[in-house]
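Participant: Sequence first, predicted coordinates after that:
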Amino acid sequence: FGTKERLFAAAMQLPINPSVMVPEILAGPRDEVGERVVRLVLRIWGDEAGRGALRTMLGSAMTNEAAATMLRQFVGRALLARVAAELEVPDAALRVGLVGSHVVGLAILRYVLKVEPLASASEEEIVRLMAPTIQRYLTP
C-alpha cells in the first residue's frame, strides 16, 4: 500500500486517494482552488458506490472512538496538513480545517440526510454559491 494513509483508505474501501486529491486541489491557479475543492467533493460523494463507504466511515467515526481517531489522523495528515503546507496564508491549518467543516457539512446534508433544496440542487449551482466562501478561506 506504500503509506499508512493508503492502507487506511483501502481497508475502509474509501473512494479517496490523498496522493491524487491533494495535487488535483492545488493544480492550477490559486484563485480557483475553492472551485476545485467543491467540485472534487461533489464528484467523490456523487459516486453511489463510494458514498456507501463514506457513510460507513462517518457513522463509525461518530460512534466509535478508535474509528474517530483513525479518521482524524487520516484526514488531518493525509489531506488537510498537505493542503495547508502548500498555501501561503496565515493560519493555513485553521483555514483548511474550516474548509473541511464546510465540505463535510455539505456531504452530510446533501448525500446523507438529503435536506432539500440542497439535495436536488444542481452541482453547478452548489459550486457557484459555495466556491467563493471556500476560496475566501484559502486566500490571504
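Facilitator: Arrived safely.

Participant: for this protein, which spans come out with low pLDDT?
Facilitator: Along the chain, the model assigns pLDDT under 70 to residues 1-16.

Participant: So residue 112 versus residue 30, what's the distance?
Facilitator: Residue 112 sits at a distance of 31 Å from residue 30 (criterion: Cβ to Cβ, to the nearest Å). For glycine as for every other residue, the C-beta is placed from the backbone atoms N, C-alpha and C.

Participant: Then residue 48?
Facilitator: 32 Å.

Participant: of these two, who's got more company?
Facilitator: Neighbour tally, residue 48 and residue 30, criterion other Cβ atoms under 10 Å: the higher count belongs to residue 30, 15 against 8.

Participant: Hmm, residue 135 and that one touching each other?
Facilitator: No: with contact defined as Cβ atoms under 8 Å, residue 30 does not reach residue 135; the gap is 9.0 Å.

Participant: count of neighbours near residue 17?
Facilitator: With other Cβ under 10 Å as criterion, residue 17 counts 14.

Participant: next one: residue 25
Facilitator: So residue 25, with other Cβ under 10 Å, has 21 neighbours.

Participant: residues touching it, list them.
Facilitator: 33, 36, 37, 40, 83 (Cβ atoms under 8 Å, 6 or more residues apart in numbering).

Participant: wait, what's in contact with the second one?
Facilitator: Contacts here follow Cβ under 8 Å, 6+ apart; on that basis residue 36 touches 24, 25, 27, 28.
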